[in-house]
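Enquirer: what follows is a predicted structure for the sequence shown.
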Amino acid sequence: MTKRQPVTDHVRIFDTTLRDGEQAPGCTMTGDEKLAVARQLARLGVDVIEAGFPAASPGDWEAVAAIASEVGTADGPIVCGLARTNRDDIDRCMLAIKAAKRGRIHTFLATSDIHLAHKLRMTRQQVIDTVAEMVAYASARCEDVEFSPEDAGRSDRNFLHQVLAVAIEAGATTLNIPDTVGYTTPEEYGAMIAGIRSAVPGANRVVLSTHCHDDLGMAVANSLSGVRAGARQVECTVNGIGERAGNAALEEVVMALHTRRQLFGVATRLDTREIARTSRLVAAATGVHVPPNKAVVGANAFAHEAGIHQDGILKHPGTYEIMHAETVGMDGCVLVLGKHSGRHALRNRFADLGYDLTDAEFQRVFARFKDIADKKKVVDERDLEALVFGEVGRPAPIYTLDRVQVACGTHVIPTATVRLRGPDGELRTESAQGTGPVDAVCRSIDRIVGEPGALVDFTVGGVTEGHNAVGEVTMRVRDHATAEADSTGDRAGRSRVFSGTGVNLDIVVAAADAYVTAINKLLGARANAGRTTADSATASKGKGSSPLRERELDTTLTT
């Protein structure tokens, strides 16, 4: 029998940004970006980081292993990996998380009739037998095992309870109850959690967890209803990213529990002052920006324009603010640096922000900082965060931007000349015309690299306020030659989208930098996909498959 976890007196935050969040189209992150996000999640204080799905691809395995090794310290978060209910997945997951002082295996199998009939092609008894066998197999290798009955929200309640009882008996320490397709209402979801607590033998010995999707816009409400009904873990993602309409947003769940603690009677252990910084980092890593009216972390979340509201705020902040911007870290510009600031002051500031830069990384960022400080005069915390992620968060360069020159204006055909340093070290220059300066720049780059993909999104924003604000550009490029890995690691699915971020006072230069970064990610993924295909072909020689194995490989990751 495995070691049991006591039911907690606080709500654990299980962050799945790096697994379920990254599954959202266009949210693909590199290994370095995942590691940067994991470091910040640890700084935020999340209880569990679901670092990925190790069996999906070598890249996923390496990212999970790196996070387990660096972030999974004794006083750090639990590092969790996802695994389907088969031995290969569980073994690979355990190998990836073994460096963590506290590791967790999260395995899952669908329980709704629609999934059993059309996806798994399994009977209810086969599901029960598989859960009993595979949860026991996982718990023999790891004392912390989480089980999820996929599509629990649409499952027959008696059968769901039967499966959960089997999972507990086999050694599961956490039972996660997914509303996989965002179908339930808060009343239904809360009743489902309450029903499990009262009807499933042994439910009082394990932690019940929520995992809600936002297809009908109720993910956060459902999660909070689950907490009121006794759930003591919430699975969520930063900025609410995830499949389709996304997952329950971490920042909304945490601040609802923080602000309405008297109502819920429990809270989290997160440092809420790190929420805004975490949101900005995930937005930069994924290229998915936060809408200005987004709750808690949107640019307008603490803005007041109406005269009546402004009058009330001036008289007493509590008239229109139920929480303070400082509580979530939205006041992040108290210390400013300028062109006279030295290396020591800048390095100390980065340390305060939680960035541990190598000497080489710091030198690159310092050079960019001096260049911007000469022009902008004052650089605040938001500029620094954009700078450090723009430099450190980019992939190993295949092409490097060397020079950009544009001519544009009224009665002028926009023309750009771009010079890149190629993988062979040679400088290559091309010119092109376009509908505007950015289009001309992208066309010039395409002439050098050979049009590797299609530009599907181009976003421009000011990192700070004012006409001399640092500009931040995000480019998203779709590569039809490399498909997104599905739950089996097979890349025969949808095409992948890669994002790149550029930061510069000159928005055209920032755009060129962002486009080159996205292309470097795309070309790097192509190279990795080629190596993976070759490795898989070698490993699969002489191997057969059973009907059960084929069913397992047909499962999806929408848990």
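Expert: Happy to help now that I have it.

Enquirer: tell me which element Ile275 is part of?
Expert: Element membership for Ile275 (DSSP states H and E) is helix 275-286.

Enquirer: dump the C-alpha coordinates for that helix into CSV.
Expert: C-alpha atoms of helix 275-286 as CSV (Å, rounded to 0.1, in the frame of the first residue of the first chain):
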residue,chain,number,x,y,z
ILE,A,275,0.8,36.9,-10.5
ALA,A,276,1.2,39.8,-13.0
ARG,A,277,4.8,38.9,-13.7
THR,A,278,3.9,35.3,-14.3
SER,A,279,1.1,36.4,-16.7
ARG,A,280,3.4,38.6,-18.7
LEU,A,281,6.0,35.8,-19.0
VAL,A,282,3.5,33.2,-20.2
ALA,A,283,2.1,35.7,-22.7
ALA,A,284,5.6,36.4,-24.1
ALA,A,285,6.5,32.7,-24.2
THR,A,286,3.4,31.6,-26.0
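
Enquirer: check which helices and strands that helix sits against.
Expert: helix 31-44, helix 250-259, helix 381-392 (3 or more Cβ pairs under 8 Å, 6 or more residues apart in numbering; DSSP states H and E). (C-beta placed from N, C-alpha, C; glycine too.)

Enquirer: now Ser279: how far from Phe159?
Expert: Using Cβ to Cβ, to the nearest Å, Ser279 is found at 39 Å from Phe159.

Enquirer: neighbour-wise, which of the two wins?
Expert: Between Ser279 and Phe159, counted using other Cβ atoms under 10 Å, the more crowded position is Ser279 (24 against 17).

Enquirer: my guess is the more buried one contacts Val297. True?
Expert: Yes: here Ser279 reaches Val297: they are 4.1 Å apart, a contact under Cβ atoms under 8 Å.

Enquirer: list residues touching both of those two?
Expert: Asn239, Glu251, Val290 (Cβ atoms under 8 Å, 6 or more residues apart in numbering).

Enquirer: possible to save the helices and strands packed on helix 275-286 as JSON lines with mean pLDDT?
Expert: Conversion of those to JSON lines gives the following (pLDDT from 0 to 100):
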{"stretch": "helix 31-44", "mean pLDDT": "94"}
{"stretch": "helix 250-259", "mean pLDDT": "98"}
{"stretch": "helix 381-392", "mean pLDDT": "71"}
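
Enquirer: as a markdown table, the ones you listed with mean neighbour count and distance to Arg197 would be great.
Expert: Listed next are these as a markdown table, based on neighbours: other Cβ atoms under 10 Å; distance: least, Cβ to Cβ, whole Å:
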| stretch | mean neighbour count | distance to Arg197 |
| --- | --- | --- |
| helix 31-44 | 22 | 29 |
| helix 250-259 | 24 | 19 |
| helix 381-392 | 23 | 42 |
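
Enquirer: mind putting these into CSV with distance to Gly76?
Expert: Conversion of the helices and strands packed on helix 275-286 to CSV gives the following (distance: least, Cβ to Cβ, whole Å):
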stretch, distance to Gly76
helix 31-44, 5
helix 250-259, 17
helix 381-392, 21
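
Enquirer: His115 is nearest to which of those helices?
Expert: helix 250-259 (26.3 Å; Cβ to Cβ).

Enquirer: dump that closest one to PDB, restricted to CA.
Expert: Taking Å, rounded to 0.1, in the frame of the first residue of the first chain, the C-alpha atoms of helix 250-259 are listed here in PDB:
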ATOM      1  CA  LEU A 250      -5.100  30.500 -12.300                       C
ATOM      2  CA  GLU A 251      -5.100  34.200 -11.500                       C
ATOM      3  CA  GLU A 252      -8.900  34.300 -11.300                       C
ATOM      4  CA  VAL A 253      -9.200  31.200  -9.100                       C
ATOM      5  CA  VAL A 254      -6.400  32.400  -6.800                       C
ATOM      6  CA  MET A 255      -7.700  35.900  -6.400                       C
ATOM      7  CA  ALA A 256     -11.300  34.800  -5.900                       C
ATOM      8  CA  LEU A 257     -10.200  32.600  -3.000                       C
ATOM      9  CA  HIS A 258      -8.000  35.400  -1.700                       C
ATOM     10  CA  THR A 259     -10.600  38.100  -2.000                       C
END
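
Enquirer: just list what that helix packs against, helices and strands only.
Expert: strand 12-15, helix 219-228, strand 233-236, helix 275-286.

Enquirer: can you tell me which of these is packed in deepest?
Expert: strand 233-236 (a mean of 28; mean count of other Cβ atoms under 10 Å).

Enquirer: paired strands for it, with orientation please.
Expert: strand 12-15 (parallel), strand 207-212 (parallel) (DSSP bridges).

Enquirer: so where do the strands sit in the stretch 101-250 of the chain?
Expert: 103-110, 145-150, 174-179, 207-212, 233-236 (DSSP state E, counting those that start in this stretch).

Enquirer: the top strand by length along the chain - what's its average pLDDT?
Expert: Longest strand of the chain, by residue count under DSSP state E: strand 471-483. The pLDDT scores in strand 471-483 average 80.
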